[in-house]
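Novice: One predicted model, sequence on top.
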Amino acid sequence: MIKGRKLDHIGLAVTDLEASKNWYCDVLGFEVIGHFHAGDTPAYFIKNGDTVYEMYEEPIDEAVQGKIDHISFVSNDIEADYAYCQKQGYTICTDGIEGIPTFWEKGCRYFKLLTPTGEQVEFCQIL
């Protein structure tokens, strides 16, 4: 079951990573808790209280600029969560369970599903 999960992070696709990171830190008081690369794509994880944002730079068309890309929830068993979501018939919008070995100390594994109105919800297990 996937109910009752703790929020892991909110993903923000931005057009200027450094300017966005600086603004959130300088204006809102966020602190950088991680700076990683997924291939050629840099990302910052920034935190304020219990709120964590994952920011990464990506070309964005004007219709989606400044919007939240995804909301991520903690997974302690990504395989079981994935199997549950498949069994429930949820629409998975990643290529199965994906991984980013360069995030955090030992990497992470995640998958995303779509809500009925198209938002992306991620389940992420930090390894």
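Specialist: That came in fine, so what should we check first?
Novice: Kindly state the pLDDT recorded for the closest residue to I100 other than its chain neighbours?
Specialist: Spatial nearest neighbour of I100, excluding adjacent residues (CB to CB, 6 or more residues apart in numbering): A38 at 4.8 Å. Where C-beta positions appear, they are placed from N, C-alpha and C, glycine not excepted. At A38, the pLDDT value in this model is 82.
Novice: Mind naming the longest helix for the chain?
Specialist: Longest helix of the chain, by residue count under DSSP state H: helix 17-28.
Novice: other SSEs contacting that one?
Specialist: strand 31-38, strand 41-48, strand 51-57 (3 or more CB pairs under 8 Å, 6 or more residues apart in numbering; DSSP states H and E).
Novice: coming back round to it: these two touch, right, the residue nearest to I100 and P101?
Specialist: No - at 9.1 Å, A38 and P101 do not qualify as touching, with contact defined as CB atoms under 8 Å.
Novice: So for these two, which sits in the more crowded spot?
Specialist: A38 (15 against 12; other CB atoms under 10 Å).
Novice: for this structure, which spans come out with low pLDDT?
Specialist: Scanning the chain with the threshold set as pLDDT under 70 gives 59-66, 117.
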